[in-house]
Structure formats: structure tokens, C-alpha cells
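# Quick one, what's the 3D model for this:
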Amino acid sequence: MFYFNYSTLTPSLNPPPPPPEKIREIINKLLGQEYDEDFTFDFAFILVSYGFYEEADTLIEKLLGQKSYDENIWFDCALAYKFVDNEKAIALLERAYEHFSAYKQEILENEGDLSEEGGKRLDSIDDFIAMRVLVELAHLNFRLYRYENALDLFANVENYNAKNPYFFISYALALEYTGHYDKAYECYKRAITLHTEPFYCFEFSKFCLRLGSFEEGFLHYETRLSSKAAFTFSKRHYDAAYAAFYGDKDFLHGKKVLVYCEQGYGDTLMFGRILRRLCKVAKEVIFCPQPALFTLFDTHIKTLQKQNKIQNNLKIVTNLSYECDYAVPICSLYLFLSFYNPKSIANLSSPLISVEKRTRTQKAKIGICFRTTTPVERQAIFFRNIDLDFLLQAFEGLDVELINFTLYEKGELELPTHINDISFELKDWLATSEALRDVDLLVSIDSAIAHLALALGIPTLVLLGDRFDWRWGKIENPKSIFWQKAHLCVVNKDGPNGIRQKICELLKLDKPL
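Now for the predicted structure:
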């Protein structure tokens with residue numbers, strides 16, 4: 001048996017950033033001095049990060065003038081703007097393409113019969129243009145939804161990048177999000193064959209799961225843990241479970257299993273449905289959800305156990321200090337239980353108490369959530385939040401009561417007076433679940449509250465962007481295998497009228513004239 005006690009561990013805290021006036025004071029001092037190229041580039045990168053674009057541009061132009069034919073300087077300066085201002089990054093890469101194409105022509109015209117050194121220089125320029133500049137241009141065009149440009153650029157340099165794994169992972173992403181699944185699969189496989197980079201394997205896993213290829217998808221989904229070393233319970237204990245699985249697929253049968261949560265709230269709620277399956281084979285299941293979800297799961301599961309509606313060998317705990325045979329992350333249980341059948345997955349029941357159907361005697365109550373509290377990661381290739389004014393257009397002419405579930409800081413938002421704002425009453429996820437029981441429909445972006453509503457059996461309309469997470473299925477025809485009863489709208493495709501029509505259908509409301 002293993003014994004775990006991680007109660008003494010505390011996460012490292014990031015110091016608060018200095019006030020803006022202090023930052024400006026430091027920048028002004030630094031700008032008045034001369035530095036070497038490495039420091040100048042690092043300084044420019046920091047300026048970009050803090051939004052001092054004009055000052056950063058000055059330093060970047062200085063660098064490019066000093067190192068006019070240094071490929072790395074050009075490329076690194078362009079990527080300093082990646083995620084922050086992709087248009088600027090594209091502009092610099094296009095300048096690099098023109099600059100080095102002209103340089104190549106200059107070499108050809110001046111040298112005539114090329115020396116060995118001249119030939120190597122031309123090869124270096126060709127590699128730089130085809131394997132770095134054009135590949136990154138294609139990826140940035142994809143990020144900016146310029147799909148035709150992106151796919152053309154990728155296709156034009158595919159042969160040149162036959163051994164470039166970054167090319168194939170970037171191309172695969174563009175193909176996946178434009179619905180070219182066969183070609184995307186080929187590119188993903190080539191990327192991970194060329195380089196078993198965990199990130200590449202993780203992206204491939206999500207692609208497989210999007211298409212419902214669960215056995216292959218969940219196998220590669222384990223690579224997600226390589227980027228979560230600071231959050232996973234224990235690599236040593238996970239590795240022990242992983243090794244046991246490959247020795248015996250039934251290794252959890254009759255065992256005492258500790259299940260911990262290594263991802264977000266939405267993942268815990270969605271993957272939590274596998275707990276019932278685990279309880280059927282394990283001797284005892286000790287489930288440790290995130291602290292914010294503890295009272296939710298504890299209250300619901302204990303109630304279900306009293307009603308004999310869920311196994312009594314499931315125990316909810318607040319910390320990881322428990323003896324067990326194996327400790328496994330909750331999102332690994334589909335793999336460790338060899339549970340891959342899409343129909344079986346769709347039929348799994350949540351370990352939460354479903355809301356009983358009721359007859360509406362008054363105007364419909366609709367909960368709304370239009371943004372998540374999670375900061376938008378600059379690496380994200382899709383964004384969840386939508387504009388409130390846009391969403392409210394969908395409710396025009398409908399005789400309904402709107403209830404806000406979107407969390408925000410006081411003074412951060414000013415909601416229209418006709419919206420019943422209960423967000424400040426939602427002290428924890430149990431309180432949120434109770435409040436959701438009072439609504440007839442939740443209209444929400446892809447966020448944890450949507451997963452909670454679906455776990456409770458509450459009619460839920462999930463609003464998706466043009467690009468959305470693998471959990472909601474194919475790009476051209478979204479449908480969730482995990483949440484069969486989820487109703488989905490692609491916001492920019494359906495628009496306010498399409499969302500309104502869906503709401504009316506779900507609530508059996510008369511459509512406004």
C-alpha cells in the first residue's frame with residue numbers, strides 16, 4: 001500500500017506586479033542607455049509584454065538595422081509580438097520574407113558561379129524562408145481565421161518541411177479546425193512520428209477525442225500530465241498506476257483507489273461520470289475533488305447513498321492523506337478502465353442528483369453566463385467569452401426572466417436592471433447548483449457552469465465560438481458525446497436570431513414577431 005500526506009505542500013505565490021508609474025520610471029532609465037544585442041532584444045520583449053509598443057518598435061528596428069542579415073534576430077523580433085499583436089508579427093515576417101528573398105537574389109547576381117560558402121548561404125536562406133518564415137506566417141493566418149491563406153501557405157511548403165514536426169503540428173491544427181479530418185490525422189501522425197513532443201501528442205489526443213476515436217484518444221491524452229507537473233498529485237504514484245495498467249488491464253479490480261483531480265472544474269464535472277463505473281470494480285473509491293467542489297460532491301453523493309442510488313464504496317474526502325493501492329487522476333480513468341465505447345460513455349450517469357422535471361406555471365426563467373473568470377490565455381486558438389449586448393439581442397421580444405450566473409468583481413460590470421443578478425450569492429458550487437435548480441434553461445458559454453447544469457440534467461444551451469474545444473465534437477456539426485442532451489449554437493453562425501429560435505424551441509415559447 002501507498003500512504004500519502006501532502007498537507008504540508010503549498011503552491012508558490014507570484015509577487016504582485018509593480019505599479020504602472022514605477023514601471024514607466026524603470027523603462028525611461030533603461031531606454032537612455034546602450035546595451036548588447038541580447039539585452040536589447042530581451043528588453044524589447046518585456047516592453048511588448050507590458051504594452052509599450054512604440055518603445056519596443058524603436059528597439060526592434062535598431063536591432064534589425066544592426067543585424068540586417070541575421071535570420072534569428074528577424075524571426076525572434078517577429079515572434080515577440082506573437083499572441084500579443086499577431087498582425088504586427090505577420091507584418092515583420094512578411095518584411096523578413098521580402099528582405100531575405102531580395103538578399104538571395106543579390107547573392108545570385110553578384111557571385112555568378114557560386115562558391116561553396118555562397119551555396120551554403122543560399123541553402124540557409126531557403127531553409128529560413130520555407131521552414132520558419134512561411135510556416136509561422138501560415139500558423140498566424142490560421143490564428144486570425146484567414147483559413148484560405150493559411151492552408152495555401154502550408155500546402156506550398158509541405159514537401160520542403162518533410163522532416164519538420166512543428167510544420168506538421170501547425171498544419172494539422174489548421175486542417176482540424178477547417179474540417180479536413182483525414183489530412184489532419186495524417187499530419188498529426190507525422191508530427192508525433194518525427195518528434196514525440198508531449199504537446200504534439202496531447203493535441204493529437206484531443207483531435208481523436210473530437211472525432212470519437214476514444215481508445216487512441218485517451219491513450220495519448222495521458223501526455224497532458226507532462227505539462228502539469230506542478231499540479232498533479234504525484235508522478236511517482238501515477239507512474240505506478242500506469243505501469244500496473246500495462247501489466248494487467250483489470251489492475252483496479254478489488255482495489256482501494258484514490259481519485260484526485262488534476263484539471264479544471266468543468267473537467268472534473270464531465271469526467272466525474274466515470275466514478276460510478278469505477279465503483280463497480282474497485283473495493284473502495286476515495287474521491288478527492290478540488291476544494292471548491294467538495295461540498296457539492298459530498299452533499300449530493302451522501303444523499304444518493306442514503307437513497308441507495310449510488311454505491312456505498314464511494315467516499316468523498318478533502319485531502320490526499322489516505323492509504324490506497326493506487327492513486328489515479330480522474331481524467332485517466334477512461335483509459336485505466338478501458339472504457340472506450342461512445343454509446344456507453346454517453347449513457348454514463350453523473351454522481352450528482354438530477355433535477356426533476358417540473359411544469360412551468362409562470363414566465364420562463366433563463367440563467368445566463370457570458371464569460372468565464374479564467375484569464376484568456378494568449379496561446380488559446382479559440383475564445384469562449386461573448387459580448388453581453390450581443391447575447392441580449394437573442395432575448396428581444398421574449399417574455400422571460402433573465403438570471404445572471406456570470407461571476408465578476410464589484411464595479412467591473414454594470415448589468416441592465418431587468419436582469420436578476422444573483423452572482424454575488426453564489427458562494428460555492430453547491431450554492432450554484434441549488435440556484436440552477438430554479439431555472440428552466442441555462443444559456444452559457446463553454447464553462448464549468450455549463451458542465452454543472454448538464455450534470456444536474458438542466459436543459460442547457462451552450463454557446464460556441466467558430467473554433468471550439470474537442471468536447472463539443474466536430475467543427476461542422478457540433479455534438480457532445482459526453483453530454484448527449486446538450487444543445488449547441490455556434491454564435492457567429494447562428495447569430496442572435498438563431499439563438500432566439502433555439503431558446504423558443506427548448507422552452508416551447510411563441511416566437512416574437
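# Now do the helices in the stretch 251-400 of the chain.
265-271, 275-281, 291-306, 333-336, 342-346, 388-393 (DSSP state H, counting those that start in this stretch).
# next one: the stretch 51-200 of the chain
Along the stretch 51-200 of the chain, counting by DSSP H, counting those that start in this stretch, helices occupy 53-66, 71-79, 86-111, 116-128, 134-143, 147-156, 165-176, 181-194, 198-210.
# Check which residues of the shortest one are buried.
In this case it means helix 71-79. For helix 71-79, the neighbour count (16 or more other C-beta atoms under 10 Å) marks Glu71, Ile73, Trp74, Phe75, Asp76, Cys77, Ala78, Leu79 as buried. All C-beta atoms are positioned from the backbone trio N, CA, C, and that covers glycine.
# JSON lines for these, including pLDDT and distance to Tyr145?
Formatted as JSON lines, the buried residues of helix 71-79 follow (pLDDT from 0 to 100; distance: C-beta to C-beta, whole Å):
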{"residue": "Glu71", "pLDDT": "95", "distance to Tyr145": "28"}
{"residue": "Ile73", "pLDDT": "93", "distance to Tyr145": "29"}
{"residue": "Trp74", "pLDDT": "95", "distance to Tyr145": "25"}
{"residue": "Phe75", "pLDDT": "95", "distance to Tyr145": "23"}
{"residue": "Asp76", "pLDDT": "93", "distance to Tyr145": "25"}
{"residue": "Cys77", "pLDDT": "93", "distance to Tyr145": "24"}
{"residue": "Ala78", "pLDDT": "93", "distance to Tyr145": "20"}
{"residue": "Leu79", "pLDDT": "92", "distance to Tyr145": "20"}
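# For the residues you listed, name the two members farthest from one another.
Using C-beta to C-beta, the buried residues of helix 71-79 span at most 12.4 Å, a distance reached by Glu71 and Leu79.
# quick revisit: can you say which of the helices of the stretch 251-400 of the chain is nearest to Leu452?
Here helix 265-271 is closest among the helices of the stretch 251-400 of the chain (C-beta to C-beta), at 5.6 Å.
# Could you tell me how many residues sit around Arg276?
17 (other C-beta atoms under 10 Å).
# ugh, typo on my part, it should be Val439
When neighbours are counted by other C-beta under 10 Å, Val439 registers 22.
# Let's have the buried residues of helix 71-79 in TSV, adding distance to Asp298.
Listed next are those as TSV, based on distance: C-beta to C-beta, whole Å:
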residue	distance to Asp298
Glu71	58
Ile73	57
Trp74	57
Phe75	52
Asp76	51
Cys77	53
Ala78	51
Leu79	47
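# before we move on, back to that, now distance to Gln501 too, for the helices of the stretch 51-200 of the chain, in JSON lines please.
Output for these, formatted as JSON lines (distance: least, C-beta to C-beta, whole Å):
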{"stretch": "helix 53-66", "distance to Gln501": "43"}
{"stretch": "helix 71-79", "distance to Gln501": "43"}
{"stretch": "helix 86-111", "distance to Gln501": "34"}
{"stretch": "helix 116-128", "distance to Gln501": "51"}
{"stretch": "helix 134-143", "distance to Gln501": "31"}
{"stretch": "helix 147-156", "distance to Gln501": "27"}
{"stretch": "helix 165-176", "distance to Gln501": "29"}
{"stretch": "helix 181-194", "distance to Gln501": "29"}
{"stretch": "helix 198-210", "distance to Gln501": "26"}
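# Select, out of the ones you listed, the one closest to Lys508.
Lys508 lies closest to helix 198-210 among those, at 32.0 Å (C-beta to C-beta).
# Report the backbone C-alpha coordinates of the closest one in PDB.
Provided in PDB are the C-alpha atoms of helix 198-210 (Å, rounded to 0.1, in the frame of the first residue of the first chain):
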ATOM      1  CA  PRO A 198       4.200  15.700 -25.300                       C
ATOM      2  CA  PHE A 199       2.500  18.800 -26.700                       C
ATOM      3  CA  TYR A 200       2.200  17.300 -30.100                       C
ATOM      4  CA  CYS A 201       0.800  14.000 -28.600                       C
ATOM      5  CA  PHE A 202      -1.700  16.000 -26.500                       C
ATOM      6  CA  GLU A 203      -3.000  17.900 -29.500                       C
ATOM      7  CA  PHE A 204      -3.400  14.700 -31.400                       C
ATOM      8  CA  SER A 205      -5.300  13.100 -28.400                       C
ATOM      9  CA  LYS A 206      -7.800  16.000 -28.400                       C
ATOM     10  CA  PHE A 207      -8.300  15.600 -32.200                       C
ATOM     11  CA  CYS A 208      -9.000  11.900 -31.800                       C
ATOM     12  CA  LEU A 209     -11.500  12.600 -28.900                       C
ATOM     13  CA  ARG A 210     -13.200  15.200 -31.000                       C
END
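# and that helix, what other elements does it pack with?
Using 3 or more C-beta pairs under 8 Å, 6 or more residues apart in numbering; DSSP states H and E, the elements in contact with helix 198-210 are helix 165-176, helix 181-194, helix 214-221.
# And the last one, what's buried?
So the one you mean is helix 214-221. So, applying 16+ other C-beta under 10 Å, buried residues of helix 214-221: Phe214, Glu216, Gly217, Phe218, His220, Tyr221.
# Surely the third one and Ser205 touch.
Yes. In this structure, Gly217 sits in contact with Ser205. The criterion is C-beta atoms under 8 Å, and the distance is 5.1 Å.
# could I get stretch 235-243 in PDB with only the CA atoms?
In PDB, the C-alpha atoms belonging to stretch 235-243 read as follows (Å, rounded to 0.1, in the frame of the first residue of the first chain):
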ATOM      1  CA  LYS A 235       4.300  11.500 -10.700                       C
ATOM      2  CA  ARG A 236       5.800   8.500  -8.900                       C
ATOM      3  CA  HIS A 237       2.300   7.200  -7.900                       C
ATOM      4  CA  TYR A 238       0.800   7.900 -11.200                       C
ATOM      5  CA  ASP A 239       3.700   6.000 -12.900                       C
ATOM      6  CA  ALA A 240       3.000   3.100 -10.700                       C
ATOM      7  CA  ALA A 241      -0.700   3.000 -11.800                       C
ATOM      8  CA  TYR A 242       0.300   3.400 -15.400                       C
ATOM      9  CA  ALA A 243       2.800   0.500 -15.200                       C
END
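# can you pull the buried residues of that stretch?
By neighbour count on 16+ other C-beta under 10 Å, the buried set for stretch 235-243 is His237, Tyr238, Ala240, Ala241, Tyr242.
# Outline the domain layout of the chain.
With domains defined by automatic domain parsing, the chain comprises 20-226, 231-346, 364-507.
# From Lys511, how far out is Val491?
Plainly put, Val491 is 19 Å away from Lys511 if you go by C-beta to C-beta, to the nearest Å.
# for stretch 20-28, which positions count as buried?
Ile23, Ile27.
# Just give me how far that stretch sits from the chain centre.
Relative to its parent chain, stretch 20-28 has a centroid offset of 34 Å by C-alpha atoms, centre = their mean, to the nearest Å.
# returning to what we had before: which of the buried residues of helix 214-221 sits closest to Ala486?
For those, the closest approach to Ala486 (C-beta to C-beta) belongs to Phe214, at 17.8 Å.
# His487 - how many residues pack around it?
His487 is flanked by 18 other residues according to other C-beta under 10 Å.
# Show me what it bridges to in the sheet.
Under DSSP bridges, the beta-bridge partners of His487 are Leu461.
# need the contact list for it.
Contacts here follow C-beta atoms under 8 Å, 6 or more residues apart in numbering; on that basis His487 touches Pro459, Thr460, Leu461, Val462, Lys502, Leu506.
# Just the buried ones out of the residues you listed, please.
Neighbour counting with 16+ other C-beta under 10 Å marks Pro459, Thr460, Leu461, Val462, Lys502, Leu506 as buried within those.
# Could I get those in TSV, plus columns for pLDDT and distance to Gly51?
Listed next are those as TSV, based on pLDDT from 0 to 100; distance: C-beta to C-beta, whole Å:
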residue	pLDDT	distance to Gly51
Pro459	95	42
Thr460	97	37
Leu461	98	36
Val462	98	33
Lys502	96	39
Leu506	95	43
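# okay if I get these as JSON lines plus distance to Leu304?
Output for those, formatted as JSON lines (distance: C-beta to C-beta, whole Å):
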{"residue": "Pro459", "distance to Leu304": "22"}
{"residue": "Thr460", "distance to Leu304": "21"}
{"residue": "Leu461", "distance to Leu304": "27"}
{"residue": "Val462", "distance to Leu304": "26"}
{"residue": "Lys502", "distance to Leu304": "32"}
{"residue": "Leu506", "distance to Leu304": "27"}
